[in-house]
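Participant: the following block contains a protein sequence and its predicted model.
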Amino acid sequence: MSIRIGKVEKYLIDKIEREGAIHITLIDPDKVTPEIISHIKEAVEAGTSAIMIGGSIGVCEKNLDDVILNIKEEVKDVPIILFPGNVSGISRYADAIWFMSLLNSSNTYYVIDAQAQGAIIVERYRLEAIPMGYIILGEGGAAGYIGYARPIPYNRPEIAVMYALAGSYLGMRYIYLEAGSGAKEPVPPEIIRAVKKVVKGKVIVGGGIRTVNQAVNAVKAGADIIVTGTLIEEGNSKRIKEIINRICKEKKPV
Ligand code: 1GP
């Protein structure tokens, strides 16, 4: 089997190339209501590039299927990418899946065993799998707790670099620096900068990003993709729009 970049990944890469950095909206399938779907529509109109769907707690395939079909009825212009916290986070109706490994988990289930169980389903559903190394830092949130992560302290960029480099050498084309949903402080720019310097692929940053400045600082430090979840849950599509307008203007470090 030869390596082939799929349609969704090509779309993301082209968009990053054109716009410098992009924004993706994350939603927890458990929290989707008709109101949230209308906020998702607003975020798409504001220029969010994709919808990521997943969560660490209480995700089941049936509910996920229904939620994705509901979103697809309303939102047609951007892909839906799965962001699974477990094998139950896979739906045949998504456009792609972040095929992710929690690199700094101390439990092999979250590093490779869930992925082995999930791979067979991804193959059956013919989902586009996008390889991603997931690294949890700082507070870590629910994802850190559930995933047995040993969150990397914010004052130790060199440890984040070790894991990001390992993921990159393993062929992961995306490295996600995760502070945990609702984190008090997002991943510091120094860590993003240090990671971006060594990895070949794209850097995704999420967790605790609430202000335009935080998003801009992350992009200036080298983030290619900014993910926000809480903002959409709060119905703050205005802030999402401001973030998108600003981040695509930021020049990234060479
Ligand atoms: C969590 O990185 C995401 O996986 C988004 O976090 O909810 O804090 O935006 P927020």
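Facilitator: Great, that's in hand.
Participant: give the bridge partners for the residue of the stretch 101-250 of the chain found nearest the ligand, please.
Facilitator: The ligand sits closest to Gly206 of the stretch 101-250 of the chain, with a gap of 2.5 Å, by C-beta to the nearest ligand atom. To be clear about C-beta, it is placed using only N, CA and C from the backbone, and glycine gets the same treatment. Beta-bridge pairing of Gly206 under DSSP bridges involves Glu178, Val227.
Participant: contacting residues for it?
Facilitator: Counting by C-beta atoms under 8 Å, 6 or more residues apart in numbering, Gly206 makes contact with Leu26, Tyr176, Leu177, Glu178, Ala179, Ser181, Pro186, Ile226, Val227, Thr228, Gly229.
Participant: give me the subset of the residues you listed touching the ligand.
Facilitator: With C-beta under 6 Å from any ligand atom as the criterion, those include Leu26, Glu178, Ser181, Val227, Thr228, Gly229 near the ligand.
Participant: so which bits of stretch 86-100 are buried?
Facilitator: 86-91, 93-100 (16 or more other C-beta atoms under 10 Å).
Participant: quick check: mean pLDDT of it?
Facilitator: The pLDDT scores in stretch 86-100 average 98.
Participant: please identify the buried residues of the helix or strand containing Ile71?
Facilitator: In the assignment (DSSP states H and E), Ile71 maps to helix 61-74. Buried positions in helix 61-74, judged by neighbour count with 16+ other C-beta under 10 Å: Leu64, Asp65, Val67, Ile68, Ile71.
Participant: neighbouring contacts of that helix?
Facilitator: Helix 61-74 is touched from outside by 29-30, 32, 37-38, 40-41, 51, 53, 80, 88-94, with contacts defined as C-beta under 8 Å, 6+ apart.
Participant: now with 7 Å?
Facilitator: With contact meaning C-beta atoms under 7 Å, 6 or more residues apart in numbering, helix 61-74 is reached by 29, 32, 37, 40-41, 51, 53, 80, 88-91, 93-94.
Participant: for the helix or strand just after that helix, which strands pair with it and how are they oriented?
Facilitator: Counting by DSSP H and E, the element after helix 61-74 in chain order, helix or strand, is strand 80-82. As defined by DSSP bridges, the strand partners of strand 80-82 come to strand 51-53 (parallel), strand 96-102 (parallel).
Participant: and the first one with the ligand, contact?
Facilitator: It refers to strand 51-53. No. Judged by C-beta under 6 Å from any ligand atom, strand 51-53 makes no contact with the ligand; its nearest approach is 8.3 Å.
Participant: quick one: mean pLDDT over that strand.
Facilitator: What strand 51-53 shows for mean pLDDT is 98.
Participant: distance from the chain centre to that strand, please.
Facilitator: Centroid separation for strand 51-53 versus its chain: 8 Å, with C-alpha atoms, centre = their mean, to the nearest Å.
Participant: so what touches that strand?
Facilitator: 24-27, 29, 40, 67-68, 71, 75, 78, 80-83, 227.
Participant: next, count neighbours for the closest residue to Val75 other than its chain neighbours.
Facilitator: Nearest residue to Val75, sequence neighbours excluded (C-beta to C-beta, 6 or more residues apart in numbering): Val44, at 5.4 Å. Neighbour count for Val44, taken as other C-beta atoms under 10 Å: 21.
Participant: model confidence over the one helix or strand Val44 maps to, on average?
Facilitator: Assigned by DSSP H and E, Val44 belongs to helix 34-46. When pLDDT is averaged over helix 34-46, the result is 96.
Participant: put the alpha carbons of that helix into CSV.
Facilitator: Presented in CSV, the C-alpha positions along helix 34-46 are these (Å, rounded to 0.1, in the frame of the first residue of the first chain):
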residue,chain,number,x,y,z
PRO,A,34,-29.9,22.7,17.7
GLU,A,35,-28.5,25.9,19.2
ILE,A,36,-25.0,24.6,19.0
ILE,A,37,-25.6,23.6,15.4
SER,A,38,-26.6,27.2,14.6
HIS,A,39,-23.4,28.4,16.2
ILE,A,40,-21.4,25.9,14.1
LYS,A,41,-23.0,27.4,11.0
GLU,A,42,-21.9,30.9,12.2
ALA,A,43,-18.4,29.6,12.8
VAL,A,44,-18.3,28.2,9.3
GLU,A,45,-19.5,31.5,7.8
ALA,A,46,-16.8,33.2,9.8
